[in-house]
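1. model this:
(one chain, ligands or ions: 1)
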Amino acid sequence: MYRKNEIIELNITSLTSDGDGVGRAGEMVFFVPNTAVGDTIRAKVLKVKKNVGFARVEEIVTPSPDRIEADCPVSFSCGGCVYRHISYEAECRAKRQKVIDAVTRIGKLDGELVRDIIPSKNIDGYRNKAMIPVGRNRDGEVVMGYYARHSHHIMHCLRCQLSPPIFNDIIEDVYAFLRHRPALVYTPQNRRGIRHIYLRYAETTGDVMFCIVAGSRHFDGEDVLYHSIKEKYPQVKSIIVNVNAEDTNVILGKHSHTVYGEKFITDTLCGLRFEIAPEAFYQINRTQAETLYAKAKEYAHLSGGETLIDLYCGAGTIGLSMADKCKELIGVEIIPEAIENAKRNALQNGVHNARFFCGDATSAAAKLRLEDVAPDVIVVDPPRKGLTPELIDTIVQMSPDRVVYVSCDPATMARDLKLFTEQNYSVKEITPVDMFPRTSHVESVVMMSKVRSRFNKKSKLIVNLCYYC
Ligand code: SAH
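-> Residues are numbered from 1 along each chain as shown. Down below sits the predicted model:
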């Protein structure tokens, strides 16, 4: 039995889905962050449970060939990057393995279905969105930056390599403004002042949205701050104050006020122009989003006559990028501002075969089914928690020829794929796409197709003879 603070030697043989190294010592499995497959390390035991333990690297005895110099001073404590110390090639290998592990262990599917991962073209500076928490440390000093790993502790850090340089410059300027004004920082007691700086960057137009999330609509010195940002950065096309005085983990509050310029920024994706409100989801790696959408379009296999449903459609981006290849597009999304964007985005891009509904995907799909909408293809792109079993049932009953599942969480995706495969759909192909280099996250696109015709779409009569066997 190992004890806390004991020093042990470990060979790291694999990585967890969060990117921690895994090494065995006798019957025990130890998890050690910031290690690489092929490392031999001396590690300090931090915690021991029945068969698993947690440890921290004390010394790298033999480094893995995957190792590279970590080029960020906070990479080992920050909650963002977990793979700055290994080559990008090794990172992509780990991410593909993460998808294979999920689909085989949870989804009970053949790992051979998982194709090669599509690496990202840009490994740094790819983020077009940053949400920078603002707080005060124990000494009352203003801190801004990123959350430490597995915590809500703000690590003071003004520059991040995943962000475009203009974000880092603006954040430094905001810090210079706030540094001597700690009273302007939100606390659960004062419920006023600044909580987050939220930035968005439209890569193709260069436009930047500067949004302050604050407990109150106004704060001292706001004019000075807005003026200096506008003067110094003509790319800032929109300044917004979002008011959030609630004590939750949700960053944005319900009300946004446009202080300057537009209430959205405009970017180009897949040859279409998109307006994006602060509340609306937008893929954070624009260039790679085009690759992701191209793969989804390939898997949708549209020929022009289809009815396509895009569930969890955000500002309409995936569906609109496919609208030229289908007869009718129906998009569903729960955030009202995103649906407003989707409708305008359709109009402005001359897409006339699209309708968008605001609502919960599960109930909206059930409603569409009752209205006898008969989709040929359904695309789903849910948040991390994946689909509800009820929605999967409804999709199966709607009986589309193909379902394209875009997922940012391999584990919930694998859980959902299992339900589809138990109900008349088979998984044809899974392609991991790296949208988030240096972090542990990986996106996947899945093509599923109907195994046999169980439902006659119009009459809903079961036509499969096996039903009577
Ligand atoms: N397909 C879009 C958005 C994907 S992100 C794109 O590629 O940009 C997932 C989206 O699902 C978000 O826009 C989120 O607001 C939305 N969402 C979350 N829960 C939902 C629900 N229960 N019903 C419908 N949409 C939901």
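
2. From now on I want contacts and neighbour counts done on CA atoms only, so please keep to that.
-> Noted.

3. Assign a three-state SS to residue 329, would you?
-> Look at residue 329: counting by DSSP: H, G, I helix; E, B strand; the rest coil, its state is strand.

4. Tell me, how many residues neighbour it?
-> 26 (other C-alpha atoms under 10 Å).

5. Run a quick check on it versus residue 310, I expect a contact.
-> Yes: between residue 329 and residue 310 there is a contact at 7.3 Å, judged by C-alpha atoms under 8 Å.

6. Mutual contacts of those two, please.
-> Common contacts of residue 329 and residue 310 (C-alpha atoms under 8 Å, 6 or more residues apart in numbering): residue 319.

7. For this structure, what lies in contact range of the ligand?
-> Contact residues, the chain versus the ligand (C-alpha under 6 Å from any ligand atom): 281-283, 312-314, 317-318, 333-335, 359-361, 381-383.

8. Which members of these are classed as buried?
-> Buried by 16 or more other C-alpha atoms under 10 Å: 281-283, 312-314, 317-318, 333-335, 359, 361, 381-382, out of the residues of the chain next to the ligand.

9. So which residues of this structure form helices?
-> In the chain, helices defined by DSSP state H lie at 88-105, 165-178, 222-232, 286-300, 317-322, 336-348, 361-370, 389-398, 410-421, listed in chain order.

10. any idea how the chain splits into domains?
-> 7-67, 100-120+285-466, 129-269 (automatic domain parsing).

11. Which secondary structure elements does the longest strand along the chain sit against?
-> Longest strand of the chain, by residue count under DSSP state E: strand 52-62. Identification of packing neighbours for strand 52-62 by 3 or more C-alpha pairs under 8 Å, 6 or more residues apart in numbering; DSSP states H and E yields strand 28-32, strand 40-48.

12. To residue 247, which of the ones you listed lies closest?
-> strand 40-48 (31.7 Å; C-alpha to C-alpha).

13. List the contacts of the closest one.
-> 2-12, 32, 53-64.

14. now it: mean pLDDT?
-> Here strand 40-48 scores 97 as its mean pLDDT.

15. buried sites along that strand?
-> Of the residues in strand 40-48, 40, 41, 42, 43, 44, 45, 46, 48 count as buried by neighbour count, 16+ other C-alpha under 10 Å.

16. roughly how far apart are the second one and residue 33?
-> Counting by C-alpha to C-alpha, to the nearest Å, the gap between residue 41 and residue 33 amounts to 12 Å.

17. which residues do those two both contact?
-> With C-alpha under 8 Å, 6+ apart, residue 41 and residue 33 have common neighbours residue 57.

18. sorry, back to before: most tightly surrounded among the helices of the chain?
-> Mean neighbour count (mean count of other C-alpha atoms under 10 Å) peaks for helix 317-322 among the helices of the chain, with a mean of 24.

19. State the mean pLDDT of that one.
-> Averaged across helix 317-322, the pLDDT comes to 98.

20. Who are the packing partners of it?
-> Using 3+ C-alpha pairs under 8 Å, 6+ apart, helix 317-322 is in contact with helix 286-300, strand 307-311, strand 328-333.

21. What are the contacting residues of the first one?
-> Under the contact criterion C-alpha under 8 Å, 6+ apart, helix 286-300 has outside partners 120-122, 126, 128, 203, 269-270, 283, 318, 321-322, 377, 379, 402-404, 406, 433-435, 445-447.

22. quick one: contacts of stretch 165-174?
-> Residues contacting stretch 165-174 (C-alpha under 8 Å, 6+ apart): 125, 130, 158, 159, 160, 197, 199, 225, 229.

23. Just confirm the first one contacts residue 162, I think it does.
-> Yes: with contact defined as C-alpha under 8 Å, residue 125 reaches residue 162; the gap is 4.2 Å.

24. Looking at these two now, which is surrounded by more residues?
-> Neighbour totals were compared for residue 125 and residue 162, and residue 162 leads with 22 against 15 (other C-alpha under 10 Å).

25. Quick check, central residue of this structure?
-> Nearest to the mean C-alpha position of the chain, by C-alpha atoms, centre = their mean, lies residue 408 at 5.7 Å.

26. Count the neighbours of the nearest residue to that residue once chain neighbours are set aside for me.
-> Excluding the flanking residues, the one nearest residue 408 by C-alpha to C-alpha, 6 or more residues apart in numbering is residue 443, at 4.4 Å. Neighbour count for residue 443, taken as other C-alpha under 10 Å: 21.

27. any idea how far residue 199 is from residue 133?
-> Per C-alpha to C-alpha, residue 199 is found 12 Å from residue 133.

28. Apologies, that question was intended for residue 32.
-> Residue 32 sits 27 Å away from residue 133, going by C-alpha to C-alpha.

29. same thing with residue 394?
-> 40 Å.

30. now swap in residue 151 and tell me
-> Using C-alpha to C-alpha, one obtains 13 Å as the distance from residue 151 to residue 133.

31. Give me the more crowded residue out of those two.
-> Taking neighbours as other C-alpha under 10 Å, residue 151 and residue 133 compare with residue 133 leading, 22 against 9.

32. Next step: the contacts of helix 286-300 restricted to strands.
-> Per DSSP E, those map to strands at 269, 377, 379, 402, 403, 404, 406, 433, 445, 446, 447.

33. ok now do the third one, which residues does it touch?
-> When contacts are counted by C-alpha under 8 Å, 6+ apart, residue 379 is found next to 300, 308, 309, 310, 311, 403, 404, 405, 406.

34. For the ligand, state which of these is nearest.
-> The ligand has its nearest neighbour among those in residue 311, at 6.6 Å by C-alpha to the nearest ligand atom.

35. if we can go back for a sec, which pair in the ones in strands among the contacts of helix 286-300 spans the largest distance?
-> Largest pairwise distance in the ones in strands among the contacts of helix 286-300, by C-alpha to C-alpha, is 24.2 Å, between 269 and 402.

36. Compare the two (neighbour count), which wins?
-> The neighbour comparison of residue 269 against residue 402 (other C-alpha under 10 Å) goes to residue 402, with 24 against 20.

37. Show me what the residue lying closest to that one once chain neighbours are set aside is bridged to.
-> In space, residue 402 comes closest to residue 449 once its chain neighbours are excluded; the distance is 4.3 Å by C-alpha to C-alpha, 6+ apart. Using DSSP bridges, the bridge partners assigned to residue 449 are residue 402, residue 426.
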